[in-house]
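S.K.: can't give you the sequence, but here's the structure:
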């Protein structure tokens, strides 16, 4: 059956790959984007693109109302939207820290809280949060980002315990280094240094992350909740 799926930050990179995976499976997919115009591929896939800044509760509410009117209540939520403001700790401003947490962690709280309202009534639902290997390993210059992504694990496991009796699962996917526009800006030396740390010796493709997300939203994963699934080539093993 075609489900109503919402992917935040689904206009590029990992989020776009996730949206594509669900659309290819026949689901009704909506994505949020914050700035600019959504890519033409979304329209070709039949996806609904909704402009929404998840740091604004009013915009989140408007987004969900639009999705509900056009696709029905959200049955699968993928909280992918995130930002970075990298800086060494002693140079990191309060704004650098709080703005990243407000998007990556508090923004996720906003969309999960809103989505689970209908899931509770339906007594079913799938929530998948996109964290990062950095949230498990830590990373110099990314204390804000790592804190926000680590926070998603505790948040997801609390939601899993709270809503499990209503057949709502909440899981986390923790990608490692993924071949996207964000990593393409790195120099060849930087990319080579990163790959040397990865046991599989390569970057992930966005489609590999999307495959794990789609599995967690499938009937086959009905008994998996509160899990952290690494898609990192072995980089964060043991954490």
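M.R.: Received, thanks. Keep in mind that this is a model prediction, so the values were computed, not measured.
S.K.: off-centre distance for the lengthiest strand in the chain?
M.R.: Using DSSP state E, we find that the single longest strand of the chain is strand 168-175. With CA atoms, centre = their mean, to the nearest Å as the basis, strand 168-175 stands 9 Å off its chain's centre.
S.K.: packing partners of that strand?
M.R.: Counting contacts by 3 or more CB pairs under 8 Å, 6 or more residues apart in numbering; DSSP states H and E, strand 168-175 packs against helix 107-122, strand 125-130, helix 143-163, helix 206-216, strand 228-231. In this view, the C-beta of every residue, glycine as well, is placed from N, C-alpha and C.
S.K.: one more time with 6 Å, if that's ok
M.R.: strand 125-130, helix 143-163, helix 206-216, strand 228-231 (3 or more CB pairs under 6 Å, 6 or more residues apart in numbering; DSSP states H and E).
S.K.: and it with helix 206-216, angle?
M.R.: Between strand 168-175 and helix 206-216, the angle formed by their directions is 160 degrees, by axes from the mean of the first three to the mean of the last three CA atoms, to 10 degrees.
S.K.: for strand 168-175, what is the average pLDDT?
M.R.: When pLDDT is averaged over strand 168-175, the result is 98.
S.K.: same check, this time on stretch 189-208
M.R.: Mean predicted confidence for stretch 189-208 is 91.
S.K.: list the buried residues for that stretch?
M.R.: Buried residues in stretch 189-208, counting neighbours by 16 or more other CB atoms under 10 Å, are found at 191, 198, 203, 204, 206, 208.
S.K.: re earlier: closest to residue 25 out of the helices and strands packed on strand 168-175?
M.R.: Nearest to residue 25 among the helices and strands packed on strand 168-175 is helix 206-216 (6.8 Å), distances taken as CB to CB.
S.K.: what does the closest one contact?
M.R.: For helix 206-216, the external contacting residues (CB atoms under 6 Å, 6 or more residues apart in numbering) are 14, 17-18, 21, 78, 128, 171, 173, 175, 178, 221, 229, 231.
S.K.: tilt between the helix or strand where residue 99 lies and helix 143-163?
M.R.: Secondary structure assigned from DSSP states H and E places residue 99 in helix 94-101. On the basis of the same axes, to 10 degrees, helix 94-101 is oriented at 30 degrees to helix 143-163.
S.K.: quick one on the thing from earlier: pick the most deeply packed of the helices and strands packed on strand 168-175.
M.R.: strand 125-130 (a mean of 26; mean count of other CB atoms under 10 Å).
S.K.: following the chain onward from that strand, which element is next?
M.R.: Counting by DSSP H and E, what follows strand 125-130 is helix 134-137.
S.K.: packing partners of that next one?
M.R.: The helices and strands touching helix 134-137, judged by 3+ CB pairs under 6 Å, 6+ apart, are helix 143-163.
S.K.: contact partners of the helix it packs on?
M.R.: Taking contacts as CB under 6 Å, 6+ apart, the residues outside helix 143-163 that touch it are 84, 89, 96-97, 100-101, 104-105, 129, 131-132, 134-135, 138-139, 170, 172, 225-226, 228.
S.K.: buried subset of those, written for ChimeraX?
M.R.: The following ChimeraX line selects those of the contacts of helix 143-163 that are buried, judged by 16+ other CB under 10 Å:
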select :84,96,97,100,104,105,129,131,132,134,135,170,172,225,226,228
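S.K.: one step back: tell me the two of the contacts of helix 206-216 that are most distant?
M.R.: The two members of these with the most space between them (CB to CB) are 178 and 221, at 21.3 Å.
S.K.: settle it for me: which of these two has more neighbours?
M.R.: Using other CB atoms under 10 Å as the criterion, residue 178 and residue 221 rank with residue 178 on top: 22 against 18.
S.K.: so what's that one bridging to?
M.R.: Taking DSSP bridges as the rule, residue 178 bridges to residue 204.
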